[in-house]
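A.B. asks: got a sequence here, can you model it:
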Amino acid sequence: MRYPKAITDLIESFSRYPGIGPKTAERLALYTVNKIDKENVEKFMKALIDTKETLFKCPVCGNITDVDPCYICSDKTRELDILLVVEDARDVIIIEKMNRYRGKYHVLNGVISPIDGIGPEEINLKSLIQRLQDDKIKEVILGLNASI
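C.D. replies: Got it, this is the predicted structure:
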């Protein structure tokens, strides 16, 4: 079926999200058009715009934040001698939800993948090396996905 351009564009926008295939994108677009009132669409748009305008990577650990440094880096109750290296901010969120780990984090924001043209310069590796020069860090935990 051929949709109006606005719906086609909305389907295309939803399908850019990871895990959202064409059918789910279509379902979300049609739900948005038919079931969500303009006020809630405007709230959703504002939330999307706010995330792009107010969030940034913490200059210390690389996690997503809205304050400098992030809440985890500025938390004085955390263990300063343990550093957990993770691939991206989702990993921090998952680990924090478990409420077991009390050390600091370092978010690489990706992994080296020569086949994809991603080298050490494209990830948050230099700041990790700088952080490891600190005598306070006694233990580094690699919390990365298993991959080649």
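
A.B. asks: excluding its backbone neighbours, what's nearest the residue most central in space within the chain?
C.D. replies: Nearest to the geometric centre of the chain sits residue 89, at 3.9 Å (C-alpha atoms, centre = their mean). Closest residue in space to residue 89, ignoring its immediate chain neighbours: residue 64 at 4.4 Å, by C-beta to C-beta, 6 or more residues apart in numbering. Every residue, glycine included, has its C-beta placed from N, CA and C.

A.B. asks: the least confident helix or strand in the chain by mean pLDDT packs against which elements?
C.D. replies: Taking mean pLDDT, DSSP states H and E as the measure, the helices and strands of the chain show their lowest mean at helix 126-132, namely a mean of 92. In terms of contacts (3 or more C-beta pairs under 8 Å, 6 or more residues apart in numbering; DSSP states H and E), helix 126-132 is packed against strand 82-86, strand 104-107.

A.B. asks: most packed of those strands?
C.D. replies: strand 104-107 (a mean of 24; mean count of other C-beta atoms under 10 Å).

A.B. asks: other SSEs contacting that strand?
C.D. replies: Using 3+ C-beta pairs under 8 Å, 6+ apart as the test, strand 104-107 ends up in contact with strand 82-86, helix 89-98, helix 126-132.

A.B. asks: which one of the ones you listed lies nearest to residue 5?
C.D. replies: Closest of those to residue 5 is helix 89-98, at 33.0 Å (criterion: C-beta to C-beta).

A.B. asks: so for residue 9, which of the helices and strands packed on strand 104-107 sits nearest?
C.D. replies: When the helices and strands packed on strand 104-107 are ranked by proximity to residue 9 (C-beta to C-beta), helix 89-98 comes first, at 27.0 Å.

A.B. asks: got the angle for the closest one vs strand 82-86?
C.D. replies: Orientation note: helix 89-98 sits at an angle of 130 degrees relative to strand 82-86 (axes from the mean of the first three to the mean of the last three C-alpha atoms, to 10 degrees).

A.B. asks: any idea how far residue 35 is from residue 29?
C.D. replies: Distance of residue 35 to residue 29, computed by C-beta to C-beta, to the nearest Å: 11 Å.

A.B. asks: what of residue 100?
C.D. replies: Residue 100 is 39 Å from residue 29, by C-beta to C-beta.

A.B. asks: out of the two, which sits in the more crowded spot?
C.D. replies: Neighbour count, other C-beta atoms under 10 Å: between residue 100 and residue 29, residue 29 has more, with 21 against 7.
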